[in-house]
Each structure stands twice: as structure tokens, then as C-alpha cells.
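Colleague: Sequence and predicted model, in that order:
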Amino acid sequence: MRNAVTARNQTILRPPVAAAYVGLSVSTLAKQRLRGDGPKFVRLSPRAIGYLQADLDEWVASRRCLSTSEYGRLTSASPTE
């Protein structure tokens, strides 16, 4: 995979692959980085961003819901929760 790097048993996904992995667009991930409400990311260099696959899995798992009424708790929660 061209946009994925494995380092110390941790796969780092670049934004296009990370976005596809979680089912979002690259621009949505970028907006979430700016707001601080998306998955954790790694600054690989001043102009390069990556996501640990384990962090993406954790973020997706934290957003699981049993009903549509639970969505409010996801959108009203502060980024630090």
C-alpha cells in the first residue's frame, strides 16, 4: 500500500487512505483536524499528516451508537472528552 507505512508494528495511514478506511472524505478529516473533533493524528513533517490505524479504530469504536437519538451526544461533546 503506497500511502501506508508500518513502523514499530503500527501502521500509519496518509489522509486519502485514512479517509477511505473510516468512510469519510479527505476534506472532512482535514476539517475535523482543525476543529479538534476527529481522530488523533501524527504530524510526520511540517507538511505531512498521518493517522495510526489503531487510533482510527479507536475513534470509530467511540462513535458507535444504538439509536439515532444518541447522535446528539457525539456532536455536543467537547473535543477533550
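Modeller: All right, it came through fine.
Colleague: in this protein, which segments are predicted with low confidence?
Modeller: Confidence mapping of the chain against pLDDT under 70 gives the ranges 1-9, 71-81.
Colleague: Which residue ranges of it form helices?
Modeller: 15-22, 26-35, 53-62, 71-76 (DSSP state H).
Colleague: Of all those, which one comes closest to Val42?
Modeller: Each of these has some distance to Val42 by CB to CB; the shortest is helix 53-62, at 8.4 Å. Every residue, glycine included, has its C-beta placed from N, CA and C.
Colleague: can you put the helices of the chain in TSV and add distance to Phe41 and mean neighbour count?
Modeller: Output for those, formatted as TSV (distance: least, CB to CB, whole Å; neighbours: other CB atoms under 10 Å):
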stretch	distance to Phe41	mean neighbour count
helix 15-22	8	18
helix 26-35	6	13
helix 53-62	8	14
helix 71-76	19	10
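Colleague: and the residue nearest to Lys40 when sequence neighbours are not counted, what does it touch?
Modeller: Leaving aside its sequence neighbours, Lys40 sits nearest to Asp55 (CB to CB, 6 or more residues apart in numbering; 4.3 Å). Listed by CB atoms under 8 Å, 6 or more residues apart in numbering, the contact set of Asp55 reads 39-41.
Colleague: can you put the helices of the chain in JSON lines and add distance to Ser45?
Modeller: Shown next, in JSON lines, are the helices of the chain (distance: least, CB to CB, whole Å):
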{"stretch": "helix 15-22", "distance to Ser45": "13"}
{"stretch": "helix 26-35", "distance to Ser45": "15"}
{"stretch": "helix 53-62", "distance to Ser45": "18"}
{"stretch": "helix 71-76", "distance to Ser45": "31"}
